[in-house]
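Q: give me a model of this one.
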Amino acid sequence: MIRGLVAATLLVPAVILAQPANKTGLSNFPPMPTAEPFRETVFGISIDDPYRWMEKPEHRVALEQWVNASSLHTTTELSAVPGREALYRDMQALSRASNRYNSVQEAGGKLFYQMLAPDKQIPVLMVRKAGRDRLLLDPMAGSDDKTPRAISSFSVSPDGRYVAIHIGEGGGETGAIRFYGVATGRPGPDVLTPVWGEFRVAWIDDRTVTYTRLGPAANGDQMKGMVAYRHVIGTPISQDVAVLGGSGPDRGFRVDPAQFPIVMPDPTSRWVLAIAANARVEVPIAVGRLDDLRAGKPAWTKLADYDDRVTFADIVGDTLYYLTSRTDENGELRAIDLGGGAPSLSKSRVIMRSDGRVLANIIGTTTGLYVTTTLPSAASELWFVPSKGGAPVKLALPASQSINDMTPSPDRKSVSFSMGGYTVGDVYYRATAGGVATIGLANATPPSAGRRHVVEEVATSADGTKVPLTIVFADGRKGPGPTVIDAYGSYGVSGQPFYSASWDVWNQRGGVYAYCHIRGGGELGEAWHRGGMQANKVNSHADLIACGERLVTLGYATPRTLGLFGASAAGLLVPAAALKRPDLFAAAVTRVGIVNPIRLASANNGPNQYGEMGDPTTESGFRALAAQDSTLLLPGAKGGTDFLFTIGLNDKRVDPWMSAKLVAMMRAKWGDKHLVVIRSDGKAGHGLGSTRDQSLDERADIFAFFLNRFGAPGFVR
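A: So this is what the prediction gives:
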């Protein structure tokens with residue numbers, strides 16, 4: 001049956017040319033993938049999954065052929081939508097108007113940062129010394145401009161002589177770490193691989209590091225079975241010593257195969273922090289001695305498990321500081337003296353209470369702690385807690401902006417961070433002993449951003465819960481018009497204010513951008529997060545629907561001009577809300593979404609999600625997942641909303657077959673009654689390593705899809 005599918009897709013170009021466009025210029029991809037009857041009952045829930053074959057590695061070629069042919073149909077038609085090319089040009093112009101900076105680190109009297117210049121596709125790594133800037137690495141040098149090769153992360157040695165750089169290929173996040181000499185800009189012979197992009201090396205000293213290696217490829221899902229190693233620069237990877245995780249001795253801290261073992265030494269302390277991370281807010285933690293780790297023989301003392309609800313931790317000197325929501329859903333900052341006998345949470349003391357604020361993050365320095373707090377709008381505040389004692393002090397910083405990229409200097413004397421928001425680009429600051437000054441790196445704020453307006457509103461959900469709603473629009477907006485609601489609502493992640501050239505263009509062209517701070521996020525504390533996770537995800541659906549209703553009531557949109565947008569874990573949310581209320585939402589776009597969560601056990605990175613979404617091996621967990629799964633909501637849905645699903649075929653976070661299966665099911669149910677299209681990129685992953693052109697091309701297609709579906713003048717044939 002798969003052979004028949006392959007043969008059919010090879011004829012797709014002729015089929016596309018033979019299909020007349022409908023009056024809007026967009027149509028469904030005619031050939032359907034082969035349906036192979038498959039039915040099962042799990043915990044009393046009947047499942048009809050005729051596209052289960054798409055999950056199997058041996059059918060990957062057939063899956064990609066259908067997806068690519070379908071995507072070609074979609075992008076061909078979207079490129080012909082009137083107004084789409086002008087949108088793309090406007091976004092390109094604004095995106096390329098000035099340099100963009102991110103990922104600032106300081107070490108050895110030098111400042112390291114990534115910069116995306118107007119003429120570049122991918123950010124380069126720069127180093128500044130004595131006020132002079134120098135290119136250290138251009139990851140795209142020697143490659144064509146269409147194949148992404150991006151710096152996923154980097155980490156600088158304490159003396160500033162080396163920088164360990166992770167580079168991902170083809171838009172994916174799996175890659176290798178190499179050590180570059182800062183003076184020469186050339187890599188040494190050491191290659192640490194395979195490593196997930198966001199897992200930076202941590203420095204024990206100027207030549208010794210820890211890093212986390214992905215699990216064996218034979219496992220299928222390399223996100224399982226990770227191991228943390230100690231590596232000495234200049235030695236073969238075969239000599240690296242396992243220090244946490246794997247099948248060897250646990251040394252006091254057992255890490256489950258679905259957890260990520262991460263060891264976090266700090267040269268300024270004789271203690272080491274270790275965590276067993278995964279896609280949960282809470283994290284188990286342990287401590288050990290730096291000398292033992294340096295020798296490759298750490299002994300860990302476990303301090304916290306999930307029930308202790310520790311969310312962040314940091315070590316300064318002989319003190320462990322940690323945030324916990326165990327006694328206060330908004331968070332409490334506590335400390336443990338590691339040098340006073342056997343450390344234990346029972347011996348901890350309170351450093352800072354929430355007092356109604358939501359404590360979000362901590363970074364320790366030799367002079368005190370920096371604590372970020374989150375407002376209901378997801379904007380940030382920064383507090384300083386002096387180590388010599390005294391009450392926390394709120395630092396004078398711009399309001400209604402978000403704090404990101406917080407990084408301590410290797411000597412723990414200062415912290416660098418960025419602040420930005422909907423009407424201003426990110427500016428980098430350095431905080432030292434409670435004082436704040438700019439670093440000299442600022443993302444320019446274009447004049448158009450100053451013409452944007454931000455309104456904070458509240459929607460009332462089905463159970464009476466008040467849901468914060470942020471609305472962004474530009475000067476000149478008149479009456480109901482094109483409006484898109486963005487949402488995420490997972491892992492306790494808050495929808496922080498941010499500047500985007502693409503959404504700025506959307507606003508300048510009369511569109512409204514709204515962010516619905518649904519339950520599942522962290523805007524109102526851990527209770528807010530738990531109110532939208534696992535079986536409570538239905539609350540998130542209701543919150544999003546309430547935000548849509550509120551926007552209509554306030555006159556920003558009508559149901560004919562209202563759309564939904566979300567990425568990744570928002571796949572649990574966006575299509576589900578549209579299926580539940582097709583009368584409210586004209587269009588919905590899901591990027592790289594988890595839309596088929598009952599199949600997490602068979603997905604890359606799937607078991608990592610059990611704690612947040614539900615464990616499909618248990619009845620309660622499976623039923624929670626079923627309530628979030630759009631493939632199970634679809635049979636009872638009436639339809640009315642038009643859908644676009646975008647995916648990257650190199651995505652290792654969310655398998656592309658999830659969206660492909662849902663698109664096929666929707667097409668089988670509705671035929672051509674509703675528009676359901678897919679857009680893929682064979683040189684992209686989850687989106688983090690994409691080139692500028694890839695990102696803007698996708699965003700232009702998304703905006704053109706929305707405006708076409710809304711019947712906006714200039715976007716319908």
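Q: list the contacts of the spatially most central residue of the chain.
A: Note on the chain: the residue nearest the mean C-alpha position is residue 568, at 7.4 Å, using C-alpha atoms, centre = their mean. By C-beta atoms under 8 Å, 6 or more residues apart in numbering, the contact set of residue 568 is 488, 591-594, 653-654, 686. Backbone N, C-alpha and C define where each C-beta goes, glycine included.
Q: how about 6 Å then?
A: residue 592 (C-beta atoms under 6 Å, 6 or more residues apart in numbering).
Q: likewise the one 5 residues further on?
A: With contacts taken as C-beta under 6 Å, 6+ apart, residue 573 has the following neighbours: 487, 489, 540, 566.
Q: and the strands in the stretch 1-150 of the chain?
A: Shown for the stretch 1-150 of the chain, the strands assigned by DSSP state E, counting those that start in this stretch span residues 39-42, 45-48, 100-107, 110-116, 124-129, 132-137, 149-156.
Q: please identify the most buried of the ones you listed.
A: Comparing the strands of the stretch 1-150 of the chain by mean neighbour count (mean count of other C-beta atoms under 10 Å), strand 149-156 ranks first with a mean of 23.
Q: quick one: contacts of that strand?
A: 105, 107, 112, 122, 125, 139-140, 143, 163-169, 197-198, 200-201, 689.
Q: neighbours of residue 540, how many?
A: Counted with other C-beta atoms under 10 Å, the burial measure for residue 540 works out to 29 neighbours.
Q: would it be right to say that it lies in a helix?
A: Yes. Judged by DSSP: H, G, I helix; E, B strand; the rest coil, residue 540 forms part of a helix.
Q: just checking, it touches residue 520?
A: Yes. At 4.7 Å, residue 540 counts as touching residue 520 under the criterion of C-beta atoms under 6 Å.
Q: name the residues contacting each of those two.
A: What both residue 540 and residue 520 touch, as defined by C-beta under 6 Å, 6+ apart, is the set 489, 532.
Q: how close does residue 368 sit to residue 328?
A: In this view, residue 368 and residue 328 are 21 Å apart by C-beta to C-beta, to the nearest Å.
Q: filter the contacts of residue 573 down to just the buried residues.
A: The neighbour-count test (16 or more other C-beta atoms under 10 Å) marks 487, 489, 540, 566 as buried among the contacts of residue 573.
Q: so which of those are in helices?
A: residue 540 (DSSP state H).
Q: keep only those of the buried ones among the contacts of residue 573 that are in strands.
A: Of the positions in those, residue 566 sit in strands, assigned by DSSP state E.
Q: determine which two of the buried ones among the contacts of residue 573 are furthest apart.
A: The largest separation in the buried ones among the contacts of residue 573, counting by C-beta to C-beta, is between 540 and 566 at 10.5 Å.
Q: what ranges do the strands span in the stretch 451-600 of the chain?
A: 452-460, 466-474, 483-486, 512-516, 562-567, 587-591.
Q: which elements pack onto the first one?
A: Read it as strand 452-460. Applying 3 or more C-beta pairs under 6 Å, 6 or more residues apart in numbering; DSSP states H and E, we find strand 452-460 packed against strand 466-474, helix 537-553.
Q: highest mean neighbour count out of those?
A: For these, where neighbours mean mean count of other C-beta under 10 Å, the stretch averaging the most is helix 537-553, with a mean of 24.
Q: packing partners of it?
A: Helix 537-553 sits against strand 452-460, strand 466-474, strand 512-516, helix 574-580, with contacts defined as 3+ C-beta pairs under 6 Å, 6+ apart.
Q: redo those as JSON lines? Include distance to residue 29.
A: Converted to JSON lines, those look like this (distance: least, C-beta to C-beta, whole Å):
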{"stretch": "strand 452-460", "distance to residue 29": "36"}
{"stretch": "strand 466-474", "distance to residue 29": "34"}
{"stretch": "strand 512-516", "distance to residue 29": "29"}
{"stretch": "helix 574-580", "distance to residue 29": "18"}
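Q: could you dump these to JSON lines with distance to residue 703 and mean pLDDT?
A: Below are the helices and strands packed on helix 537-553 laid out as JSON lines (distance: least, C-beta to C-beta, whole Å; pLDDT from 0 to 100):
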{"stretch": "strand 452-460", "distance to residue 703": "17", "mean pLDDT": "98"}
{"stretch": "strand 466-474", "distance to residue 703": "15", "mean pLDDT": "98"}
{"stretch": "strand 512-516", "distance to residue 703": "11", "mean pLDDT": "98"}
{"stretch": "helix 574-580", "distance to residue 703": "16", "mean pLDDT": "98"}
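Q: relative to residue 193, which of these is closest?
A: For residue 193, the closest of these is helix 574-580, at 35.0 Å, according to C-beta to C-beta.
Q: packing partners for the closest one?
A: helix 537-553, strand 562-567, strand 587-591, helix 630-633.
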